[in-house]
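Visitor: The following comprises the amino acid sequence and a computationally predicted model.
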Amino acid sequence: MKILIATEKPFAAVAVDGMRNVVEEAGAELVLLEKYTEKAALLAAVADADALIIRSDKVDADVIAAGKKLKIVVRAGAGYDNVDLEAATAAGVSVQNTPGQNSNAVAELVFGLAVMMARNLYNGTSGTELKGKRLGIQAFGQVGRNVARIARGFGMQISAIDPYCPEAVMAEAGVTPCTDLKQLYAQSDILSIHIPATAETRGSIGHDLIAAMPKGAILINTARKEVIDEDGLIAALKERTDIKYAADVAPSRAEEIASLFGDRVFFTPKKMGAQTAEANINAGIAAARQAIAFLTAGEDKFRVNK
Ligand code: 3PG
C-alpha cells in the first residue's frame, strides 16, 4: 500500500514523522511530495498511490483520473472545497476530512489578526482593545466554538449565527444566538467568518453586510476568500473609511485592495490558520490513521462525498 502525502504547503517535519510512523506500522509505504509547483508533479506522484493525503492542494478530475489505484483522498483539515467530489464519487474514491483537528489553531489566528487590526498594524497610532467589544461569529462549527472560548477570556460579548447549530449549544458556550445575518453584522464590532465555501456561500458577503457594520468595525475572514464578493468589499471599504478587513489568505484582487486601503487591510501571503506544529500533528496523524483504517478495514466515518 502506498500513501502519498502531497502538500504544496508542507506540514511541520514533526507531523510528517508521526504520519510516517502510522503508515509504516501498518506495513505501508509513505511517499512525500512537498512544495511542488506544477500540477504535473502531483499527477505523476499519484499514479501508483492507494491513498492521497492533502491540505489545500487542488484535487480535480485530472488528479482523480491519474490515480489509477487511488481509493481514498484525505483532506488533512476541515474545508474540502479543493476536491472535486463528483469526480471522486464517479471513480469510487472516498473523500474524507479531519474535522476539528486544526480548529484551535485557526481560532487563535482570529485573535492574532483581531488585536493586530485593533492596534492599526502596530503602526504607532492609538488603537482599541477587545475587552467589552461585541463579537459576531458567522457559523458556529468547530472553529467558531473555539473562537467563542477564547473570546470569553478577552471579556467580549459574543453572538453567533448558524442555522445548523442548536441554540442550546450556543447558550452553553455563553453565546447569544442570532438568526438574522444582517443584524449580526450590524451589531458586531468584530465579525469573524467561519462558513465553508459552497455554491450558496460563494460571494455571499458583500457591500450590504459589510457597510451595515458599526463604526470602527473589523471584519476577519479566516475561512475562504471565495465567500467574499470583492467588488462589494471594495465598495463598502470606500464608503466606510472606518471599517477594516483582515483575511487569512489574500483576496484575488489583493494588490488593488492593499493599495486602496493601506493599513485598514491585512492579508496573509499563504493560508496560515492551520500552520502550527500542533495543528499539523493533529490533522496529519488523523489523516494518516483514516487512510490506513479505510484501506485495511473500509472505515468510512469521515467520508464527505456520497
Ligand atoms: C482547513 O480547511 O482545514 C484550513 O483552511 C486549513 O487549510 P491548510 O491545510 O491548507 O492550512
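Guide: That came through, no problem. Everything quoted here is computed from the prediction, not taken from an experiment.
Visitor: Within range of the ligand, give me the residues from the protein.
Guide: 9, 55-56, 77-79, 102, 271, 273-275 (Cβ under 6 Å from any ligand atom). Every C-beta, even on glycine, is put in place using the N, C-alpha and C of the backbone.
Visitor: Those into CSV, with extra columns for secondary structure?
Guide: Converted to CSV, the residues of the chain next to the ligand look like this (DSSP: H, G, I helix; E, B strand; the rest coil):
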residue, secondary structure
Lys9, coil
Arg55, coil
Ser56, coil
Gly77, coil
Ala78, coil
Gly79, coil
Asn102, coil
Lys271, coil
Gly273, coil
Ala274, coil
Gln275, coil
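Visitor: What distance do you get for whichever residue of the stretch 151-300 of the chain sits closest to the ligand to Phe11?
Guide: Closest residue of the stretch 151-300 of the chain to the ligand, Cβ to the nearest ligand atom: Ala274 (3.6 Å). In this structure, Ala274 and Phe11 are 10 Å apart, going by Cβ to Cβ, to the nearest Å.
Visitor: Mutual contacts of those two, please.
Guide: Residues touching both Ala274 and Phe11 by Cβ atoms under 8 Å, 6 or more residues apart in numbering: 55, 280.
Visitor: just to revisit the earlier point, so the residue of the stretch 151-300 of the chain closest to the ligand sits right up against Ala105, yeah?
Guide: Yes - using Cβ atoms under 8 Å, Ala274 makes contact with Ala105 at a distance of 5.1 Å.
Visitor: Which one's more surrounded, the two?
Guide: Taking other Cβ atoms under 10 Å, Ala274 and Ala105 do not tie; Ala274 has more neighbours (28 against 22).
Visitor: For the residue nearest to the more buried one when sequence neighbours are not counted, list the residues it contacts.
Guide: Counting by Cβ to Cβ, 6 or more residues apart in numbering, Ala274 lies nearest to Asn102, which is 3.7 Å off, once chain neighbours are set aside. Applying Cβ under 8 Å, 6+ apart, we find Asn102 in contact with 77-78, 273-274, 276, 279-280, 282-283.
Visitor: try it again with 7 Å
Guide: Counting by Cβ atoms under 7 Å, 6 or more residues apart in numbering, Asn102 makes contact with 77-78, 274, 279, 282-283.
Visitor: quick one: which of those residues is nearest Met19?
Guide: Of all the contacts of Asn102, Met19 sits closest to Ala283, with 10.0 Å by Cβ to Cβ.
Visitor: picking that back up, would you format the residues of the chain next to the ligand as JSON lines with pLDDT included?
Guide: Output for the residues of the chain next to the ligand, formatted as JSON lines (pLDDT from 0 to 100):
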{"residue": "Lys9", "pLDDT": "98"}
{"residue": "Arg55", "pLDDT": "98"}
{"residue": "Ser56", "pLDDT": "98"}
{"residue": "Gly77", "pLDDT": "98"}
{"residue": "Ala78", "pLDDT": "97"}
{"residue": "Gly79", "pLDDT": "97"}
{"residue": "Asn102", "pLDDT": "98"}
{"residue": "Lys271", "pLDDT": "97"}
{"residue": "Gly273", "pLDDT": "98"}
{"residue": "Ala274", "pLDDT": "98"}
{"residue": "Gln275", "pLDDT": "98"}
